[in-house]
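> Below is the sequence, then the predicted model.
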Amino acid sequence: MARALGYGLLAAGVVLIAAAVFMVYAALAGYVEPFHIFSFSDVVASYGSVQVKVVEGSQLSKMADLSFWALLAAFVASAGGKLADLGVKLIASER
């Protein structure tokens, strides 16, 4: 019984890791839009009477959203790794 549970946990862990990798790939390749959580305004530097736009707010927001998306994927992959490790330990304890 423990061996079957171990193989199930191992499979679930591998699926979670693969889903996290696909999630990051799809977001970076542009197939999927990450969650829109952050909304920043333009970064402007003033030099006397001249104002220079350093970074557009939309680009800064997109970078922050992608960073959050990657952090979420790292969490999912870490959870998958823990499940797979637990599954391997259950499989190895049966032998």
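It's in. Numbers count the residues shown, from 1 in each chain.
> rest of the way, CA atoms for contacts and neighbours
OK.
> Show the secondary-structure elements that the strand or helix carrying residue 74 is packed against.
Element membership for residue 74, per DSSP states H and E: helix 57-93. Applying 3 or more C-alpha pairs under 8 Å, 6 or more residues apart in numbering; DSSP states H and E, we find helix 57-93 packed against helix 2-29.
> how distant is the helix it packs on from the center of its chain?
13 Å (C-alpha atoms, centre = their mean, to the nearest Å).
> which helices and strands does it pack with?
Using 3+ C-alpha pairs under 8 Å, 6+ apart, helix 2-29 sits against helix 57-93.
> Show me where this protein dips below the pLDDT cut-off.
95 (pLDDT under 70).
> Which strand or helix spans the nearest residue to residue 51 once chain neighbours are set aside?
Spatial nearest neighbour of residue 51, excluding adjacent residues (C-alpha to C-alpha, 6 or more residues apart in numbering): residue 45 at 5.7 Å. Element membership for residue 45, per DSSP H and E: strand 43-47.
> Just want the angle from that strand to helix 57-93.
140 degrees (axes from the mean of the first three to the mean of the last three C-alpha atoms, to 10 degrees).
> Just checking, which helix or strand succeeds strand 43-47 along the chain?
Beyond strand 43-47 on the C-terminal side, the first helix or strand identified by DSSP H and E is strand 50-55.
> how far off strand 43-47 does that next one point, in degrees?
Here strand 50-55 runs at an angle of 150 degrees relative to strand 43-47 (the same axes, to 10 degrees).
> residues of the helix holding residue 74 that come out buried?
Across helix 57-93, burial judged by 16 or more other C-alpha atoms under 10 Å covers 57, 60-62, 64-66, 68-70, 73-74, 76-81, 83-88, 90-91.
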